[in-house]
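# return a 3D structure for these sequence lines:
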Amino acid sequence: MDEKTKADIYDEEFFNNLQMAKTLISQIRSRRDKEICKKWIQKLCGLKSDDAVVKKNRNSFFKYMLQIVNKAAQKDSLSPQYDKKGNEDDELHFMSKWSADNRTYIAVKPLPGQGALVYMAVSSDPKLGWNHQ
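Take a look at the predicted model:
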């Protein structure tokens, strides 16, 4: 097999990998991750050489990149992108609680649409004076 034939085979393999990349990237949810993938593919497409070794190395890197993208796409497909939207009528309330021995205090304040603010304090001696119930 001469060098030109090898180069043609590597170009065909690269084209097939491009088609596979389009499918895999469409399965990734993160817009930022998609942009990173597209930038790397643009760099690979911009690599101009007639040398079969360069094309072989380009394809080796691309195959490795596709393995990583495939893992990311599978991970995204296993986990939901968003939590279920709660009922807006349900009110979230501040909660605080002391432990029975008055050594531990916990307070939780919901932050609608963002999560919660949690504060926890622990003392080895409940007589330190920070218990102001």
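# show me where the protein has its strands.
In order along the chain, the chain carries the following strands (DSSP state E): 95-98, 104-111, 115-122.
# for the chain, give me the ranges with low pLDDT.
Within the chain, the stretches with pLDDT under 70 are 1-4, 79-92, 128-133.
# would you map the helices across it?
Assigned helices in the chain, in chain order: 3-26, 31-46, 52-78 (criterion: DSSP state H).
# mind checking which of these is nearest residue 119?
Nearest of these to residue 119, taken as C-beta to C-beta: helix 31-46 at 31.9 Å. (C-beta placed from N, C-alpha, C; glycine too.)
# next, work out how far apart residue 71 and residue 30 are.
Taking C-beta to C-beta, to the nearest Å as the measure, residue 71 falls 13 Å from residue 30.
# same check on residue 24?
Residue 24 sits 13 Å away from residue 30 when distances are taken as C-beta to C-beta.
# more neighbours: which of the two?
residue 24 (19 against 12; other C-beta atoms under 10 Å).
# isn't the more buried one up against residue 68?
No: the pair residue 24 and residue 68 fails to qualify as a contact (C-beta atoms under 8 Å) at a distance of 9.7 Å.
# show me the domain layout of the protein.
Following automatic domain parsing, the chain resolves into domains at 3-78, 95-124.
# can you count the residues close to residue 39?
The criterion is other C-beta under 10 Å. On that basis, residue 39 has 10 neighbouring residues.
# how much space separates it from residue 25?
Distance from residue 39 to residue 25, counting by C-beta to C-beta: 11 Å.
# what residues are up against the residue nearest to residue 29 when sequence neighbours are not counted?
Leaving aside its chain neighbours, residue 29 sits nearest to residue 76 (4.8 Å; criterion: C-beta to C-beta, 6 or more residues apart in numbering). Remark: with contacts taken as C-beta atoms under 8 Å, 6 or more residues apart in numbering, residue 76 is in contact with 27, 28, 29, 30.
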